[in-house]
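[1] Got a predicted model here, sequence first, then my questions.
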Amino acid sequence: MTNYLFQPPAPAVIPIFGSDKLYPVNRVFCVGRNYEAHAAEMGAVVDREAPFYFTKSPTTIIMAEGEIAYAPRTENYHYEMELVFALKSGGTDIAEADALSHIFGCAAGIDMTRRDLQNKAKETRRPWDTSKDVQQSAVVTPLRAMEEVPSVGAGRIHLEQNGEIKQDADLSQMVWSVPEIIADLSTMYTLCEGDVIFMGTPAGVGPVQRGDVLTGGVDGIADFELKIA
Ligand code: MN
């Protein structure tokens, strides 16, 4: 037994459709501005030279079911519907051609964001951490094993707020594909099993209110319904 001062916390986990095993989360990477129409609604343009990233702590993972908390210290808490994938292996300088072989499975997710704090951070050239690394902000469905995923390059991705369609797009509209992101990210980090990647959101992001019901999903991967508490 290692002589820890106190018991280390258990890892964040994601359930798996059709399995009683749990996927333990190591890191959470998020892609920024990966749909042109969303970049435009944020007053930005897509950088075609290179994708960019931010991270969330694994402890921000929460299941897309039941209730999630409206975050404190924000008056503008936004949903961002995203494709999520989870690695079963990794490495450094992964070739695009090999990238998909490292994926265990995919989920639908929401990158909840304190938009007011993010806008302030952009204005003042400060980090995004308090706008993105928010408790209960990495919202995910269970993982669909890769063998059962129809495609990570095409398919409808959508989100409804109280039954009204707010985001409705196709994965084929992503600027950077899943293999391109794995290849690029692996030049900066040695990727490994347990790493989870949020692929960025299409247009139509907006604020939630307490009591809202959010539904949505990615076709062939997962659907969800949850309430903002
Ligand atoms: Mn996002």
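    Thanks, I have the structure now.
[2] On the three-state scheme, the residue lying closest to residue 182 once chain neighbours are set aside is what?
    Of all residues not flanking residue 182 in the chain, residue 99 sits nearest, at 3.8 Å (CB to CB, 6 or more residues apart in numbering). Every C-beta, even on glycine, is put in place using the N, C-alpha and C of the backbone. Classification of residue 99 by DSSP: H, G, I helix; E, B strand; the rest coil places it in helix.
[3] For the residue of the chain at minimum distance from the ion, give its distance to residue 78.
    Nearest residue of the chain to the ion (CB to the ion) works out as residue 111 at 3.5 Å. Noted for residue 111: a distance of 9 Å to residue 78, by CB to CB, to the nearest Å.
[4] And these two? Which one has more around it.
    For the pair residue 111 and residue 78, the greater number of neighbours falls to residue 111 (27 against 19), based on other CB atoms under 10 Å.
[5] Pop out the phi and psi values for the closest residue to the more buried one other than its chain neighbours.
    Here the nearest residue to residue 111 in space, its sequence neighbours aside, is residue 80; by CB to CB, 6+ apart that works out to 4.1 Å. Backbone torsions of residue 80, given as degrees, to the nearest 10, read phi -140, psi 100.
[6] Lowest-scoring secondary structure element of this structure by mean pLDDT?
    Least confident element among the helices and strands of the chain, by mean pLDDT, DSSP states H and E: helix 36-41 (a mean of 92).
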